[in-house]
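*Asks:* What would the 3D arrangement of this be:
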Amino acid sequence: MADDSQTADPNFMLSLARGLGVLRAFEGQSSLSITEAARLSGLNRPSAGRCLHTLTCLGYVRERDGRYSLTPKLLPLAAGFLTSTPLASASQAVANALRDSLQETVSVGALDPSDPGRIIYIARAERNQVIAAPLMVGSTLPSHCTSMGRVLLASLAPCETERWLARAALEPRTERTIVSPDVLRTELVAVGERRWSLVEEELEVGLRSLAVPVRDREGQVLAALNVATFSDAHSREDLIERYLPDLRAAAGQLERAIQSHRPNP
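*Replies:* Numbering: from 1, shown residues only. Below is the predicted model:
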């Protein structure tokens, strides 16, 4: 839903925001009823129904027996981002090469621009499926309990971090998940100082991951690069000693690719 500052903006199109909110309700859902779309988008049922009808007329959604599902017409939009954005276009090759070198699963992710509480996968190169739910480009995970998420949260301005922490729902994914804002704040400061994050079994039992930042030419953090492995495969110390140098080198390679990009005239 739009916040007060957005709805007060005379150029903000509330109807478009509502339609996009209904589209976002499909994340992780194979199909939705009007009632389900309303609940997930925060709209009332009539508004959600009108959005779904419009999306169906435009070909982005199809309806069958009262349930709605997305169509392939959305894919060119994603492809446009993946091929035209330097970060996205260079990330997959870097992730593939690092996976082949380390023989571990490698990913690149960025913060959701409208929600610092989650990361969006931009590239992923799997060796083994290290998490129960399958992940792919476009998948999302909570930022507070992931190594990439903490690297990205640590890069925010302190006022942004405090604003997010004040309203964040730090849900426990395992018994080890940090759910205290004060503890998380301290951890984010430490991550920012050392420029890497190691998260152990906070997202899922048996999973350990290590992440480093990826920066633009001005030094701003654009994304994070991580390697994920089973906890019983590598100790914490082994992961840092063996993989951190390679992660940093790959992040540097990705940064150079981004910085060398020249936009089309």
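*Asks:* how deep is residue 106 tucked in, by neighbour count?
*Replies:* Residues lying near residue 106 (other Cβ atoms under 10 Å) number 27. In this view, the C-beta of every residue, glycine as well, is placed from N, C-alpha and C.
*Asks:* To which secondary structure element type does it belong?
*Replies:* strand (DSSP: H, G, I helix; E, B strand; the rest coil).
*Asks:* who does it bridge with?
*Replies:* Beta-bridge pairing of residue 106 under DSSP bridges involves residue 125, residue 227.
*Asks:* how close does it get to residue 58?
*Replies:* 37 Å (Cβ to Cβ, to the nearest Å).
*Asks:* Likewise for residue 252?
*Replies:* For residue 252, the distance to residue 58 - Cβ to Cβ - is 43 Å.
*Asks:* higher neighbour count, these two?
*Replies:* residue 252 (15 against 11).
*Asks:* and that one, what helix or strand is that in?
*Replies:* Residue 252 is part of helix 236-260 when elements are defined by DSSP states H and E.
*Asks:* Tell me which other helices or strands that helix touches.
*Replies:* Judged by 3 or more Cβ pairs under 8 Å, 6 or more residues apart in numbering; DSSP states H and E, helix 236-260 is in contact with helix 86-102, strand 197-200, strand 207-215, strand 221-230.
*Asks:* Turn these into CSV, including mean pLDDT.
*Replies:* As requested, the helices and strands packed on helix 236-260 are arranged in CSV below (pLDDT from 0 to 100):
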stretch, mean pLDDT
helix 86-102, 93
strand 197-200, 96
strand 207-215, 96
strand 221-230, 95
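*Asks:* For residue 256, find the nearest of those.
*Replies:* Across the helices and strands packed on helix 236-260, residue 256 has its closest neighbour in helix 86-102 (9.1 Å, Cβ to Cβ).
*Asks:* Tell me the buried residues in the closest one?
*Replies:* Neighbour counts over helix 86-102 (16 or more other Cβ atoms under 10 Å) mark 86, 87, 88, 89, 90, 91, 92, 94, 95, 98, 99, 102 as buried.
*Asks:* Summarise which helices and strands that helix is packed against.
*Replies:* Right, helix 86-102 is packed against helix 75-84, strand 105-112, strand 115-125, strand 221-230, helix 236-260 by 3+ Cβ pairs under 8 Å, 6+ apart.
*Asks:* Which one of these has the poorest average confidence?
*Replies:* Out of the helices and strands packed on helix 86-102, helix 75-84 stands lowest, with a mean of 86 (criterion: mean pLDDT).
*Asks:* Identify the residues contacting stretch 229-249?
*Replies:* 98, 101-102, 104-105, 128, 130, 196, 198, 200-201, 206-212, 225-227 (Cβ atoms under 8 Å, 6 or more residues apart in numbering).
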